[in-house]
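Trainee: Only the shape, not the letters, is given here:
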């Protein structure tokens, strides 16, 4: 194969690949949310340009956080509380690991990087705080308008 | 006939995307579906007609505004059914399977409806006229001569004016498309507040005029949120979205569809000349196609077997 035929062959393979790709994945490629990679036949690894060898992201799945039993019990108690102060008191003596576990269970973004006071605030606002806000905005406590 | 309003105060949360794709796929599955575009922006209408076809074939005679123009003291003098159109591109796909999708198109001049309502005299006669306008859609859809549909989906404007009010009066259920962020979840509470207040106002108004809608607005129907425009990473919604999705279910106690609709500007951002919703264009192997199928499956599980009817039926 000469120097012209090699790139032509590659372009043809890429064309065949793109022709078979769903529209949303084509859009991801076009808009930079996905990129082409080199996947040697028979290998589990792909080579990303400039990024070395990496496991394919397409098969990666983020697992849900699994709370400890103490966190499950804490969140259940928070769901019954009627004030932010009451919730803050329930969190006052908890260690950082317990606060981080609760924040991760509540899917607080960046929970692992927050300080203890910020963690308490996020936990209170994601539970009692948001429920009290909801009642204030709705103007009633029922579940249906 | 199940009449469902697609409502949210907030704009840009996916009301029209949800209505168009649900309606089109239900019709492709053999259902008889009527879509009603109550938003003067005409977005739903433009999901099914090019601007040229709309101006030439639809807007001159067949919009919901033409029907409302026949009103005399709140009473329509023509049948709502006479103003329906059948978008041909969708019909070509759904009719072989026995389905049908009709549309009551919108018009930009619908925005004047609230201005007209504001000019109704503040006396008993004006109050009665306002009541009749609020329930005009309910009466029209309940009329025995109105053609039967499996589903009527009402795409509401992003406000709580007369059009949204008339949709809620006519509906049995409410779908609330919502983005998983702070202001959108606040918007759900604001909507609950508005519906709560409106329900009391409307019942009082019915009481003042001895009307027949004593059963109440959306008496035993469902209020369900549908998460739209969700960004994914590693096959799950990003953490910031999951945070607010959890709050809606555990703190706001609002029932939600399990299926969420992902953000994709290319697929859901309509292009000029496009007359088919995404669900009828995507290939079955497309990820978004599969998710939309799941959403319609869930919708049908909830509503197909449910007792039908408009709000007062």
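Mentor: That came in fine, so what should we check first? What you see is a predicted model, and the numbers here were worked out from it, not measured in a lab.

Trainee: Which positions in chain B make contact with chain A?
Mentor: Listed as neighbours of chain A in chain B under the rule C-beta under 8 Å from any C-beta of the partner chain: B:185-186, B:189-193, B:195-197, B:199, B:223, B:233-236, B:239-240, B:242-243, B:245-247, B:250-253, B:264-267, B:281-283, B:285-289. To be clear about C-beta, it is placed using only N, CA and C from the backbone, and glycine gets the same treatment.

Trainee: How about the residue with the largest distance to the centre of chain B, nearest residue that isn't a chain neighbour?
Mentor: What lies farthest from the middle of chain B is residue B:234; by C-alpha atoms, centre = their mean that is 32.5 Å. Using C-beta to C-beta, 6 or more residues apart in numbering or on different chains and skipping residues adjacent in sequence, the residue nearest residue B:234 is residue A:62, 3.8 Å away.

Trainee: all helices for the stretch 51-200 of chain B, in order.
Mentor: B:51-53, B:64-69, B:88-94, B:112-118, B:124-134, B:136-142, B:162-170, B:182-208 (DSSP state H, counting those that start in this stretch).

Trainee: and what of chain A?
Mentor: Secondary structure of chain A (DSSP state H): helices at A:5-19, A:23-30, A:69-78, A:84-91, A:96-105, A:116-124, A:130-138.

Trainee: Tell me the buried residues in the second one?
Mentor: By that I understand helix A:23-30. Going by neighbour count (16 or more other C-beta atoms under 10 Å in any protein chain shown), the buried part of helix A:23-30 is A:23-25, A:27-28.

Trainee: What count of nearby residues applies to residue 48?
Mentor: With no chain named, the answer covers chain A. 15 (other C-beta atoms under 10 Å in any protein chain shown).

Trainee: Let me rephrase: I mean chain B.
Mentor: Residue B:48 has 28 neighbours, counted by other C-beta under 10 Å.

Trainee: Is it correct that it falls within a strand?
Mentor: No - the assignment for residue B:48, made by DSSP: H, G, I helix; E, B strand; the rest coil, is coil rather than a strand.

Trainee: secondary structure element for the closest residue to residue B:50 other than its chain neighbours?
Mentor: Nearest non-adjacent residue to residue B:50, counting by C-beta to C-beta, 6+ apart: residue B:273, 5.6 Å away. Under the criterion DSSP states H and E, no helix or strand holds residue B:273.

Trainee: Assess the claim that residue B:273 and residue B:49 are in contact.
Mentor: No - Residue B:273 lies out of contact with residue B:49 (C-beta atoms under 8 Å); the separation is 10.4 Å.

Trainee: so what's the backbone phi/psi at the residue lying closest to residue B:106 once chain neighbours are set aside?
Mentor: Distances taken as C-beta to C-beta, 6+ apart put residue B:37 closest to residue B:106, at 3.8 Å, once the chain neighbours are dropped. Note on residue B:37: backbone dihedrals following degrees, to the nearest 10 are phi -90, psi 100.

Trainee: Output the lowest mean pLDDT helix or strand found in chain A.
Mentor: Sorting the helices and strands of chain A by mean pLDDT, DSSP states H and E puts strand A:52-55 at the bottom, at a mean of 56.

Trainee: check contacts around the residue positioned nearest the centre of chain A.
Mentor: Central residue of chain A (C-alpha atoms, centre = their mean): residue A:62, 7.0 Å from the mean position. For residue A:62, the contact set (C-beta atoms under 8 Å, 6 or more residues apart in numbering or on different chains) comprises B:233-236.

Trainee: Residue B:299 sits in which helix or strand?
Mentor: Per DSSP H and E, the secondary structure element for residue B:299 is helix B:287-303.

Trainee: Whichever residue of the stretch 1-150 of chain B sits closest to chain A: how many residues sit nearby?
Mentor: For the stretch 1-150 of chain B, the residue closest to chain A is residue B:7, as judged by C-beta to the nearest C-beta, at 10.9 Å. Other residues lying near residue B:7 total 25 when counted by other C-beta under 10 Å.
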